[in-house]
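# predicted model, plus sequence, below.
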Amino acid sequence: MSKRRRFDVELLELGFITAELHYGIFARDWWVKRIVNDSEFLIPFRQHMRVKCFLNSKNFEIAIYSFSKNPYKPGFQCFCNNYLSPIEDSPSKALNSLYHKIFNTNTEYSGLYLHAKLFWGPEIAISGKKIYSLIEDTHNWILFLFPYIEWILHKSQKVEIPQKSKINFGNIIEQFLTIVSRIGHSKKEENHYKAGSGYISSIVTRYKGQNHLFLLKIQKNECQIEVYHEETHIKTFNGATPDIVWNEIGIHKKLLGSYIFGITHEQVQKQLQNSKSEEFLLCTSDKWDNQELMNEIFARHIKSRKIPNTMNNWQELFLNWKLQRSSIIIFSKILESIYPINYQFQDKELSAWRAMFRSCGCTDVTPYHRKLSKIEFWSNAQDPQSDQNTLSYLHHSDMLQIEPGNKRGAEGCIRILSIIAEGFSISKLKKNLSIGSDTITNARKHARLYGPGVPPFEKPKRIVHKMSKIKEQQFLWFFQDRANIAQSSYKVDSKSNLPICYLCDQKSELWKKFEETYPNGMKKTSFMVRLANTTYLKYREDLGALCQICNDYGFEPFENLESIVREEIPEKKNQDIILTRIDQLKRHMRRGYEEKLKINSNGTIIHDSCVSHCLLYAFGDCDQIHQTRCNNCDQFFQLFNWLTNQISNSKIQKLEEIQEKLKYYLSHQTRKVYLNAQFKPMLNSLDNNGAVIICDYKMRVLPKSARETKSEFFGKRGWTLHSILIFTHNSEKNTELNISAYDHWSTDTKQDSWFTASSFEAVFNSLEKKPKWIRIISDNGPHYNWYQIEIRSWIFLEPGEAKTIIDSYHAAISHAIKRYIQVGYDITTGEDIVMAGKNLAGTHFANLQPNRENQSEEEQSDDAKELSRNSKKNITKKATIKIIKGISNLFYWEWPINNDKEGYICARTLPGIGKFINFSPSHIANLCNGNIARPQPTISTYTTPNTKWKMSIETIPESKENTINNKERQSIIFIDTDFPLNKGWALKGNQKLGNRGGGKRMTKKVKNLLESFFMNGNMNTKDKLDAQGMQNELSLFVESGEISKEDIPKVSTIQNWIATFSRAWKAQATKQYLY
């Protein structure tokens, strides 16, 4: 007895054949060959075909669509109740992925077998009539739509199908599988062997080390061979004959093109001789007046099936349908108009008319399954999608009244039939009740399981927790790692109230990484099920809050590059190829490049043999030899070198600027990935005496109301919200950390380092148990050591999307404020912010007002300092702090205590990278001409959180270093000298762009002119100028020779100057009025 599982398979929707897909470039992917009883058959994957199978007491449906990655290839999607699989490239993948998701087992089924079993099942030898009817119904439109197809039927086959048009589809010629998808006939026998215009054939073979598809097209005056790699068109070869054009390609020279592409094959030649006898029949509603064409279609589909001719004037059916206002008809009603009253239709007749309708350009637009009702809706519209959408909307809105096939549904029919199913034979039940074998089988199965006529009972759900806590914890640890997820800075999942986390890679790649990280962890099925059921883990969308560097250097340059290509390369074909390469480069730089960077779990980096991905080389700290280069990274240099030779000279400078910006963006991504990887090692370094502190600003909180007009929205000032997170070690549990959040809201909306210093002053003075040492992470702010606390290190992060846990915390605050508004409250004061977030775990709120009187002059802007110096009321002399040259290039700082560098401040470019720059006490003293005043902010009492905030942490294993011995080093080809980027290319100090203070400053003459423009605008509103107006006025001074053209600043620079000067001028005016 066969061990193959037996399944109940049913055809739900026949689908249709699309000439562009089934006989196009990738025709070989839309057909599958099956051999049954020594007979060969070809089964099509018809577009929108639906097949149902009954597996493990559940109905699974497989539908065929176009594949998302390549719309010219078939895609398969599986449905079961409310579950849905992604669109896969094979039916087995779609079926098994959904089966695993539902049942959590490793059982696998062949989706191809389920699809083929409709036609070539085990009953083909005993019920040939049934199978033949299904074959004819399924294949009829194929033969009609495109006649050049052969179903290879041998003498041993027990089903006889009338011989129709033939083609050699899937003929193996030596090592090639030749697919002839179209036949074109020519009277000329020389050169083309009677193959003429319209002949299309394809093969797949290796070309330049990879599999490529070669598509032969014979046209009127020449032959073409198009070369494709996956879905990308690579090149086109032209020639007079197939043999000549094949010889130009330069592969398999011993074989002729006419031989490889099947032209000389015996069956193809036979088809070419008979091609004139067959006609291609297909029409749409605008050709229904052509009686000759309609008669041929009628003869093909109705007369050829030997259907009784009891109809009256069938032509009126189509003419009346065409004249009616609506394009939709009811299938049974329109057939009743040409048949006698009470005529009983056979299934064979209905199948023939369906094929006739399809050949006449009609489409089945029934919005429900035929088991619900036998009423079918058809449309003669050329684009039936709108009709289908209309019927679907009416059906789901319960406005479409249909006659149900069974008032009790399918279960009721089977349950009632189960009363008598065991008492009669299958043949008697079929004859008297006109039902199928599947219905009888299901009824007998129902009787055995539940009893004759007994309603089925619901099986109790048994929930068992087989997963250990440590494995569950490993899953959480994995998706807390910023290398695997990117947290949204403003979105929160409504079900779990957790910040949305976007997956940084495909699920399969994440599983491979998880398996490498935790070899003894949960299995793949458990991992995928948890990932699918976790609502806050999603694929990447628009993260929002894009950092300015990513926008200016990573997104806008690509837009400018695409515009240059469209302007300079007019040929559409070449333009599309270059734009495709730009898209591929864009994806690689934004995501693919980061995935290739290797950083140890303890935050250190080792040598990488690929120079493109070696972080030590990028940071200038690598002394080893590299073996390889990344092809995807090299596309960056190859693309710009090619464009330099193609575009006009006027665009060369702009192209070079774009290249420099993208280089800066690449260095920004490199530093960001490395700096963000330092967060987890810092947490693991905690002991009972230390703390890790993260500080950052949330975007300004504006007043909000449950009912708010547009006029009330504009002109809001809002409040600053500054957050400090303190991580300390939980002495009770070694795997947990305690987190305390300190949020300061203030009406002082100036987000600068003085506000940060004031926040630290308030927090450290409020701590009951101060840590003995701290490590700080931030993206701005000075360094302070006033609290008898050892500052071991301070890391400045690159701006980025969701760089640390503080971004997810800010997302939780935003969600709390949103919920507070939804229940009817308003945000009108800072106290409302406290009320909105009072239930957040571990959060302390307080109002903070910094004392700006003690602020040093270095903290003020240039215009504020100038106004302050000119003010006669300003009597108190403030300390002036000089800025260390190149300080913005130093991301890591330390304050040594227990060695010979005590009293020094040490800085380096990145943690663990480069040598320390030591600033001696005397050097530090020379930076300030006076005593630095300690901030003395006004702070309210902190609120007490209702619950504590705890976070689990895993132990980092020791990393193994990668070394190269001397013998290997001698055999490695030294390629570093050929690499376009120099050693240390990713360090911020080596960048041409993005250096703070590197731009040209405004001259004193320009500042004076801008001040005069500003003051004139205050005196007379008619003379008030915006930034663009001020720039235009400065151009007049260029014409008079008072200033040079190079001295005119940008509009954005003038806008920033107006905002800063206006704020300082108002503050000075207020002081003069008060004092």
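Yes, it's here. Remember, it's a predicted structure, so these values are computed and weren't measured experimentally.
# neighbouring strands of the helix or strand where residue 696 lies in the sheet, and parallel or not?
Using DSSP states H and E, residue 696 falls within strand 690-701. Paired strands of strand 690-701, with direction, are strand 719-729 (antiparallel), strand 773-778 (parallel) (DSSP bridges).
# so which of those strands is nearest residue 81?
Closest approach to residue 81 among those is made by strand 719-729 (43.5 Å; C-beta to C-beta). Where you see a C-beta, it was placed from the backbone N, CA and C, and this is true even at glycine.
# how much space between residue 323 and residue 1060?
Using C-beta to C-beta, to the nearest Å, we find residue 323 at a distance of 75 Å from residue 1060.
# okay, those two: which has more neighbours?
The neighbour comparison of residue 323 against residue 1060 (other C-beta atoms under 10 Å) goes to residue 1060, with 15 against 7.
# quick check, that one in a strand?
No. Assessed with DSSP: H, G, I helix; E, B strand; the rest coil, residue 1060 is helix; it does not lie in a strand.
# tell me how far it lies from residue 1054.
From residue 1060 to residue 1054 the distance is 11 Å (C-beta to C-beta).
# before we move on, what about residue 480?
Distance from residue 480 to residue 1054, by C-beta to C-beta: 45 Å.
# who has more neighbours, those two?
residue 1054 (23 against 18).
# next, the buried residues of whichever strand or helix holds that one.
Using DSSP H and E, residue 1054 sits in helix 1051-1074. Neighbour-count burial for helix 1051-1074, counted by 16 or more other C-beta atoms under 10 Å, picks out 1053, 1054, 1057, 1058, 1061, 1064, 1065, 1068.
# now the two most distant members of these.
Checking the buried residues of helix 1051-1074 with C-beta to C-beta, the most distant pair is 1053 and 1068, at 22.3 Å.
# got phi/psi on residue 89?
Dihedral pair for residue 89: phi -90, psi 0, per degrees, to the nearest 10.
# and for it, the neighbour number?
16.
# contacting residues for it?
When contacts are counted by C-beta atoms under 8 Å, 6 or more residues apart in numbering, residue 89 touches 67, 69, 73, 74, 75, 76.
# gap between it and residue 271?
Taken as C-beta to C-beta, the span from residue 89 to residue 271 is 31 Å.
# and for residue 1041?
Counting by C-beta to C-beta, the gap from residue 1041 to residue 271 is 86 Å.
# more neighbours, these two?
Between residue 1041 and residue 271, residue 271 has the larger neighbour count (other C-beta under 10 Å), namely 22 against 7.
# need the strands paired with strand 690-701 in TSV (columns: mean neighbour count).
Listed next are the strands paired with strand 690-701 as TSV, based on neighbours: other C-beta atoms under 10 Å:
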stretch	mean neighbour count
strand 719-729	21
strand 773-778	21
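# out of the ones you listed, which is closest to residue 825?
strand 719-729 (15.9 Å).
# distance from that closest one to the middle of the chain?
When distances are taken as C-alpha atoms, centre = their mean, to the nearest Å, strand 719-729 is centred 32 Å away from the chain's centroid.
# still on that earlier bit, for the helix holding residue 1054, name the packing helices and strands.
Helix 1051-1074 makes packing contacts with helix 862-870, helix 1004-1019, helix 1027-1039 when contacts are defined by 3 or more C-beta pairs under 8 Å, 6 or more residues apart in numbering; DSSP states H and E.
# the last one to helix 1051-1074, inter-axis angle?
Right, the one you point to is helix 1027-1039. 100 degrees (axes from the mean of the first three to the mean of the last three C-alpha atoms, to 10 degrees).
# quick one, helix 1027-1039 and helix 1004-1019 angle?
Using the same axes, to 10 degrees: helix 1027-1039 against helix 1004-1019 is 130 degrees.
# what are the buried residues along helix 1027-1039?
For helix 1027-1039, by 16+ other C-beta under 10 Å, it's 1027, 1030, 1031, 1034, 1037.
# what does the second one give?
Within helix 1004-1019, the residues scored as buried using 16+ other C-beta under 10 Å are 1006, 1007, 1009, 1010, 1011, 1013, 1014, 1017.
# for it, packing partners?
Using 3+ C-beta pairs under 8 Å, 6+ apart: helix 1004-1019 touches helix 1027-1039, helix 1051-1074.
# tell me the mean pLDDT over the last one?
Along helix 1051-1074, the predicted local confidence has a mean pLDDT of 82.
# so how far is that helix from its chain's centroid?
45 Å.
# now the helix or strand hosting residue 244 - C-alpha only, CSV.
Assigned by DSSP H and E, residue 244 belongs to helix 242-249. What follows is helix 242-249 as a C-alpha-only set of coordinates in CSV (Å, rounded to 0.1, in the frame of the first residue of the first chain):
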residue,chain,number,x,y,z
PRO,A,242,19.5,32.6,-35.1
ASP,A,243,22.8,31.0,-35.9
ILE,A,244,24.6,34.3,-36.5
VAL,A,245,23.2,36.0,-33.4
TRP,A,246,24.0,33.0,-31.2
ASN,A,247,27.6,33.0,-32.5
GLU,A,248,28.0,36.6,-31.4
ILE,A,249,27.4,35.7,-27.8
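# how does the protein divide up, domain by domain?
With domains defined by automatic domain parsing, the chain comprises 8-145, 169-277, 285-396, 409-450, 482-539, 548-674, 679-733+748-786+798-806+831-869+884-952, 1004-1074.
# make JSON lines out of the ones you listed and add distance to residue 817.
JSON lines is the format used below for those (distance: least, C-beta to C-beta, whole Å):
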{"stretch": "domain 8-145", "distance to residue 817": "34"}
{"stretch": "domain 169-277", "distance to residue 817": "47"}
{"stretch": "domain 285-396", "distance to residue 817": "37"}
{"stretch": "domain 409-450", "distance to residue 817": "48"}
{"stretch": "domain 482-539", "distance to residue 817": "11"}
{"stretch": "domain 548-674", "distance to residue 817": "25"}
{"stretch": "domain 679-733+748-786+798-806+831-869+884-952", "distance to residue 817": "5"}
{"stretch": "domain 1004-1074", "distance to residue 817": "26"}
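# for residue 980, which of the ones you listed is the nearest?
domain 548-674 (5.0 Å).
# give the rounded mean pLDDT of the strand or helix carrying residue 333.
Per DSSP H and E, residue 333 falls inside helix 331-336. The average pLDDT for helix 331-336 rounds to 87.
# over to stretch 52-61?
Rounded mean pLDDT across stretch 52-61 is 85.
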